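Asks: Predicted structure and sequence below. I'll ask about it afterward.
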Amino acid sequence: MEKNLLTIKNIKEAYGISRTTFVNLEKKMIVLQCKLTFENEKDKQELLKLMRQYSSCYRYAYNRLLEGHKRKELKKHLQKVFKLNSRYCDDAIFKAQSLINSCKKRGQNPKKVIFGGRKLFERLKKKHLNGEQKDQLKQKWQERRKGCLYSRGDKSKKGNLNTRIELEKDRITIRINTGKRNWIKANVKRIVNRQNDNWIEFIARLTEAEKTGKYFPYSVTIRVINGNIYAFTSFEEEIPKEPIITKKSGIIGIDINANPFHLAIATVKLDGNLESHQKISLHNLIDKTKNQREYISWQIAHQIVETAIIQDKAIAIEKLEKMSKGYRGNGSKKLRKRLQQWIYKGILGKIKAVAKREGVQVIEVNPAYTSIIGMLKYAPQHNIDKDTAGAYVIGRRALRLEEDIPVNYIKILQDKKFKEYAVNKLGEEKQKTKEKLTKENNEYKQRPLKRRIKQLNKDIKLLKSLNSEPQTQQPVNQRKEQVRDYKMSSYKLWQVVKVALTIPVLDKSLPRDLSPLKPILVEGDWDRVVKRLVPVSWDRGYGVSEIPPAGECLHLKKAEYKYSSPECKR
């Protein structure tokens, strides 16, 4: 994303959108856990020493508050006794006072609090415990009693002064103040297993804060648990109960593609017409580390949400569960490498997280046949590529608009001559693929060829089934679609149209140029389109001399009809 791109905050100010615009806001406290690791043992031991000092300071402050000491006097005293900076001492007093207030609220006596846990203390008092079991309980009690460090968040100090989380190029670290202008760094380790993990949202806010300079406070508690060190980050989030920007003004459809590697974006009006379209290249994600890809993905998510706010439109995305293994490269080394770095779920999850916080509605739609419908119907109609057309269909589907098959496509499916031509064309493609398979010795490169032959057999069978009469039979798929003739469901018929038009008419299974379909779509003239794919013979008589030019090309004289039989010629 460009450096001079407007931030979400600036856009909201320009368009009069602010947090006060959201009438129904709800606040929630979010606590996130992550593990800390260290580059060397010295840093770890220094942190453990600091935690023991802070824990002692915390217990001492608790008892002094019970005796009636005032905060200001106690703060100066703690600094002298425990050699901690003023913020750590102030946080220890704050935490101790919170514990006293909590005990009084529950009707308990604050003087009977046991640091480390009463239950563990009572178990350790029992004399029948010995050996390994007693050592484990004692270690656990000591960790709870002495292994703690707390630092309150501060908006004016980049979120947190003493324990600040920093986003570096290839990692996330936490910078810990150990006193006397000394700092140690620990690596933050957290595995994100789901799309709606709050950690994604937290990193998104940190990324935005570093970009805009508008930080938010977050508190950090560091604890020792079973010999490992963990950080618990807590922050308050304000989110609208319901989105302020909805699909009432239209929607932005988003389609992610691996080849070419980009995001296709189509802006759709409320009536379903295409308003505008654009693309965002994802090539910056190639050959980057995981953390670098995460950072770039967050920038892209912010860019898309900014666009939605400017245009006052909701966002429509695909509901992708899992990518089929059969499409992970198909024998192509270059494409397989690209798909390994294709974090489509990550980008969609980030778009949802940013949009939720900014009050933009996100609608997830079923991705079935969106690419096919866009490729065959809207790409030739609007002179756009199939990826943009797919994004357009996603937007229309989010608006609950139906996709009828064009009348001229139905007509050519009913044309027996076209069906015969299409079946023969698929048969020729199958024969060519078989010849390639016999010449290929590489086992891995043979696999996509075998899959292609299998798919071509299915396509030929599907087209031949159109000649049969509709029969009553049990559905064979989960959508309960009929599988014969034209009286099949809309989605199934779109698949038939794809089989009939791609290889037979466009000479490719996934063509980039779809403009040849326009004459068929508008006029139903398929014969004019397929003539372009057939070699022209010198004998056919197109106003040329019967005498061939120098260097007679005999293969041109042997050009065959585009149909299996001359009787099929129109």
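Replies: Arrived safely, thanks for sending.
Asks: isn't residue 115 right up against residue 59?
Replies: Yes. Look at residue 115 against residue 59 with CB atoms under 8 Å: they come within range, at 5.4 Å. (Glycine included, C-beta is placed from N, CA and C.)
Asks: for this protein, what helix or strand is lowest in average pLDDT?
Replies: helix 554-557 (a mean of 36; mean pLDDT, DSSP states H and E).
Asks: where do the helices sit along the stretch 351-500 of the chain?
Replies: 370-373, 379-382, 386-398, 407-414, 416-439, 443-464, 490-501 (DSSP state H, counting those that start in this stretch).
Asks: average pLDDT across the fourth one?
Replies: Helix 407-414 comes out with an average pLDDT of 88.
Asks: tell me which residues of it are tucked away?
Replies: Under the neighbour-count criterion of 16 or more other CB atoms under 10 Å, helix 407-414 has 408, 409, 412, 413 buried.
Asks: tell me the two of those residues that are most distant?
Replies: 408 and 413 (9.9 Å; CB to CB).
Asks: Low-confidence regions, this protein specifically.
Replies: In the predicted model of the chain, residues 1-26, 193-196, 291, 320-344, 467-491, 531-570 satisfy pLDDT under 70.
Asks: 50 - rerun?
Replies: Scanning the chain with the threshold set as pLDDT under 50 gives 1-6, 11-12, 14-23, 323-329, 340-341, 469-488, 534-570.
Asks: can you map out the strands along it?
Replies: 25-37, 148-151, 163-167, 172-179, 182-189, 219-225, 228-240, 251-258, 261-268, 274-281, 314-318, 362-365 (DSSP state E).
Asks: show me what contacts residue 509?
Replies: Neighbouring residues of residue 509 by CB atoms under 8 Å, 6 or more residues apart in numbering: 502, 503.
Asks: mind running it again at 10 Å?
Replies: By CB atoms under 10 Å, 6 or more residues apart in numbering, the contact set of residue 509 is 429, 452, 455, 456, 459, 498, 499, 502, 503.
Asks: I'd like the distance from it to residue 167, if you could.
Replies: Distance of residue 509 to residue 167, computed by CB to CB, to the nearest Å: 43 Å.
Asks: repeat for residue 70
Replies: 40 Å.
Asks: the more surrounded of the two?
Replies: A count of neighbours by other CB atoms under 10 Å puts residue 167 above the other of residue 70 and residue 167, at 17 against 10.
Asks: how far away is the nearest residue to the more buried one once chain neighbours are set aside from residue 178?
Replies: Among residues not flanking residue 167 along the chain, residue 206 sits closest, at 5.9 Å (CB to CB, 6 or more residues apart in numbering). Using CB to CB, residue 206 is found at 23 Å from residue 178.
Asks: Which residue of those two possesses the greater neighbour count?
Replies: residue 206 (21 against 17).
Asks: Pretty sure residue 212 is one of the things that one touches, is it not?
Replies: No. If you go by CB atoms under 10 Å, residue 206 and residue 212 don't touch, sitting 11.2 Å apart.
Asks: Spit out the residues that contact those two alike.
Replies: Common neighbours of residue 206 and residue 212 (CB under 10 Å, 6+ apart) do not exist.
Asks: Quick check: closest non-adjacent residue to residue 500.
Replies: residue 422 (5.1 Å).
Asks: Pull the contacting residues for the one you found.
Replies: 412-413, 415, 459-460, 463, 466, 499-505, 526, 530.
Asks: Please identify which of the residues you listed is nearest to residue 84.
Replies: Checking these against residue 84 by CB to CB gives residue 502 as the nearest, at 71.4 Å.
Asks: ok, for the closest one, nearest residue in space, not its chain neighbours?
Replies: Among residues not flanking residue 502 along the chain, residue 509 sits closest, at 5.3 Å (CB to CB, 6+ apart).
Asks: residues touching residue 97, list them.
Replies: Contacts of residue 97 (CB under 10 Å, 6+ apart): 61, 62, 65, 71.
Asks: got the contact list for the last one?
Replies: What it means is residue 71. Taking CB under 10 Å, 6+ apart, we find residue 71 in contact with 61, 65, 90, 93, 94, 97.
Asks: Between all of those residues, which two are separated the most?
Replies: That would be 65 and 90, which, of these, are the farthest apart (CB to CB) at 12.9 Å.
Asks: anything in contact with each of these two?
Replies: Jointly contacting residue 65 and residue 90 under the rule CB under 10 Å, 6+ apart are 71, 74.
Asks: now, which of the buried residues of helix 407-414 sits nearest residue 309?
Replies: Using CB to CB, those come closest to residue 309 at residue 409, 38.5 Å.
Asks: hang on, isn't that closest one packed against residue 522?
Replies: No. If you go by CB under 10 Å, residue 409 and residue 522 don't touch, sitting 11.2 Å apart.
Asks: one step back: need the residues touching each of residue 115 and residue 59.
Replies: Contacts common to residue 115 and residue 59, judged by CB under 10 Å, 6+ apart, are 145, 146, 148.
Asks: Which of these sits closest to residue 281?
Replies: Nearest member of the shared contacts of residue 115 and residue 59 to residue 281, counting by CB to CB, is residue 148, at 47.5 Å.
Asks: who does residue 28 bridge with?
Replies: Residues in a beta bridge with residue 28, per DSSP bridges, are residue 237.
Asks: Could you count how many residues lie near it?
Replies: The burial count for residue 28: 10, using other CB under 10 Å.
Asks: can you pull the contacts of it?
Replies: Residue 28 neighbours (CB under 10 Å, 6+ apart): 198, 235, 236, 237, 238, 239.
Asks: out of the residues you listed, who has the most neighbours?
Replies: Going by other CB under 10 Å, residue 235 tops those with 22 neighbours.
Asks: What count of nearby residues applies to the nearest residue to it once chain neighbours are set aside?
Replies: Counting by CB to CB, 6+ apart, residue 218 is the residue found nearest to residue 235 once chain neighbours are left out, at 3.9 Å. Burial of residue 218 is recorded as 24 neighbouring residues (other CB under 10 Å).
Asks: Could you do residue 137 as well?
Replies: Residue 137: 16 surrounding residues under other CB under 10 Å.
Asks: between the top helix by length along the chain and strand 25-37, how many degrees?
Replies: If you go by DSSP state H, the chain has its longest helix at helix 41-66. On the basis of axes from the mean of the first three to the mean of the last three CA atoms, to 10 degrees, helix 41-66 is oriented at 130 degrees to strand 25-37.
Asks: got the contact list for the nearest residue to residue 58 once chain neighbours are set aside?
Replies: Spatial nearest neighbour of residue 58, excluding adjacent residues (CB to CB, 6+ apart): residue 92 at 4.5 Å. Residue 92 makes contact with 53-62, 74-75, 78, 82, 84, 148-150, according to CB under 10 Å, 6+ apart.
Asks: measure residue 92 to residue 280 for me?
Replies: Residue 92 is 48 Å from residue 280, by CB to CB.
Asks: likewise residue 45?
Replies: Per CB to CB, residue 45 is found 47 Å from residue 280.
Asks: Neighbour count: these two, which is higher?
Replies: residue 280 (17 against 11).
Asks: excluding its backbone neighbours, what's nearest that one?
Replies: Distances taken as CB to CB, 6+ apart put residue 263 closest to residue 280, at 4.2 Å, once the chain neighbours are dropped.
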